[in-house]
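K.L.:
heads up, no residue letters with this:
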């Protein structure tokens, strides 16, 4: 994140925190009721209309997370103040109902909500795809199906291939790798993973064993996950998958045993200037005076973070 964007982000967070300390419920103005209901329907979560609807519960929960003491009592008091300001009957200050309502929301609801929010942010970037125009819903659906297919059948497909057996798992992965990924990237675009993968050519002479394109993309994807501040559950899932099928999760496993700061910086600086990276949310649409669309220092730090996570995994 560049300094200007980081300052803007911190300013917004402080503005929300100030509103919370003043007794407000700021996420009531930021969180779409329609979006929450859409995700609830997709997750097949049913609820009754009461004070603590899923939307209200989520607004209170986010308020609790950013409050000074992170207490349930403080968050419920903010809800009471918000209801009163809207001439609605205040709820009980007892936190039991709130805690019960929060426990009713399943984990996959939060995952889907974050995914849908991320999709909305991606749509707002209006980044053109390789075929021209913007990403389609069909492409996004195929990208999700490709990921789910690899997670479910990847390891079994590898074992079938090694045994020279054209089994069901291998057929599913071939479909994901060729049909789904091909249609998906043409209609959905590429991002940091491929920009970084292409940039490894700057230090190609340093590799003891030259990786394949897929191996370059695999490690570069782990770097992109770091750039996106991906939560540990998903990081562990993707790192675990890569490790199970033999994809590189460290510089050394990629074939770069002597990964100097100079070499990694060359990769980061080159990746920052490749137009594919403009699909990332914090990229600029036009290059700066150095020809970069993205902060090279952040890419550098995330390359190192991906390697460190892989060594510790």
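P.N.:
Perfect, I can see it now. Just so it is clear, the structure is predicted and the values come from calculations on it, not from any experiment.

K.L.:
do you know how far residue 173 is from residue 102?
P.N.:
39 Å (Cβ to Cβ, to the nearest Å). Quick note: C-beta positions are derived from backbone N, CA and C, even for glycine.

K.L.:
which one's more surrounded, these two?
P.N.:
residue 173 (23 against 18; other Cβ atoms under 10 Å).

K.L.:
list the contacts of that one.
P.N.:
149-150, 153-154, 157 (Cβ atoms under 8 Å, 6 or more residues apart in numbering).

K.L.:
how does it look with 10 Å?
P.N.:
146, 149-150, 152-158, 160-161, 245 (Cβ atoms under 10 Å, 6 or more residues apart in numbering).

K.L.:
top of these by number of neighbours, please.
P.N.:
residue 157 (24 neighbours).

K.L.:
I'd say it and residue 174 touch.
P.N.:
Yes - Residue 157 lies in contact with residue 174 (Cβ atoms under 10 Å); the separation is 7.9 Å.

K.L.:
in the stretch 101-250 of the chain, where is pLDDT below threshold?
P.N.:
119-132 (pLDDT under 70).

K.L.:
what about residue 286, how many residues close to it?
P.N.:
Residue 286: 6 neighbours (other Cβ under 10 Å).

K.L.:
just the pLDDT for it.
P.N.:
Looking at residue 286, its pLDDT stands at 90.

K.L.:
over to it. Which of the three states is it?
P.N.:
coil (DSSP: H, G, I helix; E, B strand; the rest coil).

K.L.:
if I look at the residue lying closest to it once chain neighbours are set aside, how far off is residue 299?
P.N.:
Spatially, and ignoring its direct neighbours in sequence, residue 286 is nearest to residue 293 (7.8 Å; Cβ to Cβ, 6 or more residues apart in numbering). For residue 293, the distance to residue 299 equals 11 Å [Cβ to Cβ].

K.L.:
now do the shared contacts for these two.
P.N.:
195, 271-272, 277, 280.

K.L.:
most surrounded residue in the residues you listed?
P.N.:
residue 271 leads the shared contacts of residue 293 and residue 299 on contacts (other Cβ under 10 Å) with 29 neighbours.

K.L.:
rewinding a little: between residue 157 and residue 174, which contacts overlap?
P.N.:
In contact with both residue 157 and residue 174: no residue, using Cβ under 10 Å, 6+ apart.

K.L.:
thought residue 59 was touching residue 26?
P.N.:
Yes - using Cβ under 10 Å, residue 59 is in contact with residue 26, at 8.5 Å.

K.L.:
was I right to think residue 153 contacts residue 146?
P.N.:
No - with contact defined as Cβ under 10 Å, residue 153 does not reach residue 146; the gap is 11.0 Å.
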